[in-house]
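Engineer: sequence below, structure please.
(one chain, ligands or ions: 1)
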Amino acid sequence: MRAKFFQGVFLLALAAYNANASALPSENRALQLEKRARCVTKITVTVTDTTTESITTTESYSTTIFATTSLTETTTRTVTSLAVSTYVPPYSPDHYCNNTGVEAALYKFPWATRSTANDITVIKSTTPYAVKQVDAPMVLSGATINTSPHGLAVQTFPGSSSNSYILSIRGYFYATKTAKYNFRIERPDDYVTLWVGSKAYSGWSRSNANAFLSIDNGATQSAGINLDLVAGQYVPIRLVLENSGGAASYMLLVSVDGVYYVHDSIPSAWLVTRPCNLVFGTPFLAWGQET
Ligand SMILES: [Ca+2]
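Structural biologist: As a prediction, the model looks like this:
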């Protein structure tokens, strides 16, 4: 429309100009033709600008389509690279991450005397005054351990009986084969409590224990549970010993059909503080920040 408008104006102007030009002297005819040519050139430039804008838009559209096609091809190659492998559990647990044995922590005995009404979960949010990684038989017995269970020095606090303390032991038991395992505690002095499974990691309390023994019922008794495990499984395990004073003792045993994997004679190769591979279990929460 704009081009036609200029052409209309040009034709009117040209008609008027020609009418005047015919009246001018013949020696000005060349100058008249030059002015007319300049007017024609100006109109042509306006039309060319419009055509150039249209071409530029088309080129930009083509570039966008090409980029989208390239991205789709890259995604397809990533999916093709996935692979599937079969896991074969090793005979014994990995020990390359300094995880041999179990973790042990020693706490002040916070009550005047032993009682099943004492809330044992208070130690979850209590910072222990001594901790240690223990690679030893899971047993305490004899006079020497009363003041240094597993080498942890018992402190005596004002108003408390000597040798009174709470000892918390935690770790993972590794199942070398698929079987029904027996977890057993013995020799309570004063209280020995055992948890096996996820609640040993978090959620444990006196009421949901898998086994509990009190010296009030004798020092030679035992209690335990049977648990089906599959080869390669790491199962959390926790034992808490409460001693309100005097002598202290406990024993932890794990066996399958009379074959012992945790015994009171040697350190167990089947107990670790945590699996080295997080796929099989996460490290326990920091002492004093347990749940
Ligand atoms: Ca005692």
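Engineer: burial check on Asn217, number of neighbours?
Structural biologist: Counted with other CB atoms under 10 Å, the neighbours of Asn217 add up to 11. For glycine as for every other residue, the C-beta is placed from the backbone atoms N, C-alpha and C.
Engineer: what's the pLDDT at it?
Structural biologist: Asn217 carries a pLDDT value of 95.
Engineer: same deal with Thr147?
Structural biologist: Reading off the model, Thr147 has pLDDT 82.
Engineer: pLDDT wise, what is the closest residue to Ser161 other than its chain neighbours at?
Structural biologist: Leaving aside its chain neighbours, Ser161 sits nearest to Gly245 (3.1 Å; criterion: CB to CB, 6 or more residues apart in numbering). Gly245 is assigned a predicted lDDT (pLDDT) of 92.
Engineer: can you check Val134 too?
Structural biologist: Reading off the model, Val134 has pLDDT 97.
Engineer: who's it bridged to?
Structural biologist: Judged by DSSP bridges, the bridge partners of Val134 are Val102.
Engineer: where's it relative to His263, distance?
Structural biologist: Going from Val134 to His263 by CB to CB, to the nearest Å gives 15 Å.
Engineer: what comes into contact with stretch 197-216?
Structural biologist: Residues from elsewhere that reach stretch 197-216, judged by CB atoms under 8 Å, 6 or more residues apart in numbering: 114, 116, 119-121, 170, 183-186, 188-196, 221-225, 227, 235-238, 282, 284-285, 290-291.
Engineer: still on that earlier bit, show me the contacts for the residue nearest to Ser161.
Structural biologist: Neighbours of Gly245 in contact, by CB under 8 Å, 6+ apart: 109, 160-164.
Engineer: hmm, try it at 6 Å
Structural biologist: By CB atoms under 6 Å, 6 or more residues apart in numbering, the residues touching Gly245 are 161, 163-164.
Engineer: what is the nearest of those to the ion?
Structural biologist: Asn163 (7.1 Å; CB to the ion).
Engineer: quick one: that closest one and Thr127, what's the gap?
Structural biologist: Here the criterion is CB to CB. By it, Asn163 lies 21 Å from Thr127.
Engineer: and these two? Which one has more around it.
Structural biologist: Set Asn163 next to Thr127 and count neighbours by other CB under 10 Å: Asn163 wins out with 19 against 12.
Engineer: run through who's touching stretch 95-103.
Structural biologist: Stretch 95-103 has contacts (CB under 6 Å, 6+ apart) with 133-135, 169-171, 271-274, 276.
Engineer: among those residues, which are in strands?
Structural biologist: Counting by DSSP state E, the contacts of stretch 95-103 place 133-134, 169-171, 271-272 in strands.
Engineer: residues near Asn210, how many?
Structural biologist: Counted by other CB under 10 Å, the residues lying close to Asn210 total 20.
Engineer: of Val134 and His263, who's got more company?
Structural biologist: Between Val134 and His263, counted using other CB under 10 Å, Val134 has the larger neighbour count: 21 against 17.
Engineer: give me the nearest residue to Gly151, chain neighbours excluded.
Structural biologist: Nearest to Gly151 is Lys132, by CB to CB, 6+ apart, at 6.3 Å.
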